[in-house]
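S.K.: I would like to see how this sequence folds:
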Amino acid sequence: MKKILLIILILPLSSYAQIHKHNRVFNDSLVFKNFNQGFIDSQEFFIATNDYLLGLASTPARGIPAVISFMTPPKNSRLVNVNNPNNKYLDLNIDYYNGYKYGAIKKKRKRLIQGALTPVVVVGTVLIAVLSSYSN
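M.R.: Predicted structure coming up:
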């Protein structure tokens, strides 16, 4: 009888599992599944080429346009891609939308940083090549 009571008391404690991923806490596995699918789709289908070019072009302006763009999330019109088979879920499923938006923000920021750092890497490589050729 004591074992049954112990199981009845411990069972509710173990049924409230939480999933920790993407710096968030998910209490429902379906919410996590939809959010994660949106994140994965955004990494594949969100187009961030313009963000890379903006980061690259903002180098002469001391990176101010890139910083402003870094702070603003992408507009909803940029989220839609005809190649994404799950486009309809952007309007129908809020968890998928939140995951897609989260992934799009991450990808946009990554491309902005890559664009802003590309000239620094190129200039550094040229300087190293020039200095090493003079040392011989």
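
S.K.: need phi/psi at the spatially most central residue of the chain.
M.R.: Central residue of the chain (Cα atoms, centre = their mean): K106, 2.6 Å from the mean position. With angles defined as degrees, to the nearest 10, K106 sits at phi -60, psi -50.

S.K.: what sits against it?
M.R.: 42-43 (Cβ atoms under 8 Å, 6 or more residues apart in numbering). Glycine gets a C-beta too; all of them are placed from N, C-alpha and C.

S.K.: distance of it relative to Y100?
M.R.: Computed as Cβ to Cβ, to the nearest Å, the K106 to Y100 distance reads 11 Å.

S.K.: wait, what's in contact with Y52?
M.R.: Shown in contact with Y52 (Cβ under 8 Å, 6+ apart): 111-112, 114-115.

S.K.: and the helix or strand where it lies, how far out from the chain middle?
M.R.: Following DSSP states H and E, one finds Y52 within helix 49-57. Centroid separation between helix 49-57 and its chain, computed with Cα atoms, centre = their mean, to the nearest Å, is 17 Å.

S.K.: CA atoms of it as PDB?
M.R.: Extracted in PDB, the C-alpha atoms of helix 49-57 (Å, rounded to 0.1, in the frame of the first residue of the first chain):
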ATOM      1  CA  THR A  49      21.800  37.900 -49.000                       C
ATOM      2  CA  ASN A  50      20.800  41.500 -48.800                       C
ATOM      3  CA  ASP A  51      21.800  41.600 -45.100                       C
ATOM      4  CA  TYR A  52      25.300  40.400 -46.000                       C
ATOM      5  CA  LEU A  53      25.600  43.100 -48.700                       C
ATOM      6  CA  LEU A  54      24.300  45.700 -46.200                       C
ATOM      7  CA  GLY A  55      27.000  44.700 -43.700                       C
ATOM      8  CA  LEU A  56      29.600  44.800 -46.400                       C
ATOM      9  CA  ALA A  57      28.500  48.300 -47.700                       C
END
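
S.K.: and whichever helix or strand comes after it, what's buried?
M.R.: The helix or strand immediately downstream of helix 49-57 is helix 64-71, counting by DSSP H and E. Buried residues in helix 64-71, counted by 16 or more other Cβ atoms under 10 Å: 65-66, 69-70.
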